[in-house]
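Chemist: heads up, no residue letters with this:
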């Protein structure tokens, strides 16, 4: 096999591998600590998003909801993060943080003005279970804060 043929095969092979890796679902860990909601991209998601950890103070969270992709915040016109329409959107896009593949039901966390991000748009294998678990943990904290 000639070196020219091998070199010609490399770019298409890399493209196929990259597209295959993008079809892997998101791998995020979401936890609630005493003072923050912590999102930790795992595996390749660290590379796609260029983040190891995002800690959102609980006091900065305005709402958490499930919404279809069509209701997600719009992407800015000029992007410096990863976005391949319909395949993957990851990283900081304007004032929003995204880690989404092809999913339609997304967990959207809206933050109060002045926070690091206005919105976090995340995809989980089971967004409804993640929402229920997160709200269950946050509800008693919100009640204590309101009564204090």
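Modeler: Arrived safely, thanks for sending. None of the values given here were measured: they were computed from a predicted structure.
Chemist: Tell me the secondary structure at the residue nearest the centre of the chain.
Modeler: The centroid of the chain falls nearest to residue 99 when counting by CA atoms, centre = their mean (2.5 Å). Following DSSP: H, G, I helix; E, B strand; the rest coil, residue 99 is assigned to strand.
Chemist: Can we start the residue count at 876 from this point?
Modeler: In the new numbering, first residue 876, that becomes residue 974.
Chemist: Check the contact between it and residue 923; I expect there is one.
Modeler: Yes: counting by CB atoms under 8 Å, residue 974 touches residue 923, with 7.1 Å between them. Where you see a C-beta, it was placed from the backbone N, CA and C, and this is true even at glycine.
Chemist: hey, what's in contact with both of these two?
Modeler: Here residue 974 and residue 923 share the contacting residues 916, 965-966, scored by CB atoms under 8 Å, 6 or more residues apart in numbering.
Chemist: I'd like the residues you listed laid out as JSON lines, including neighbour count.
Modeler: Below are those laid out as JSON lines (neighbours: other CB atoms under 10 Å):
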{"residue": "916", "neighbour count": "24"}
{"residue": "965", "neighbour count": "25"}
{"residue": "966", "neighbour count": "20"}
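Chemist: Go through those and name the one nearest residue 1013.
Modeler: Set against residue 1013, the nearest of the shared contacts of residue 974 and residue 923 by CB to CB is residue 916 (21.0 Å).
Chemist: Need the nearest residue in space to that closest one, chain neighbours excluded.
Modeler: Nearest residue to residue 916, sequence neighbours excluded (CB to CB, 6 or more residues apart in numbering): residue 924, at 4.9 Å.
Chemist: any idea how far the one you found lies from residue 1014?
Modeler: Distance from residue 924 to residue 1014, counting by CB to CB, to the nearest Å: 28 Å.
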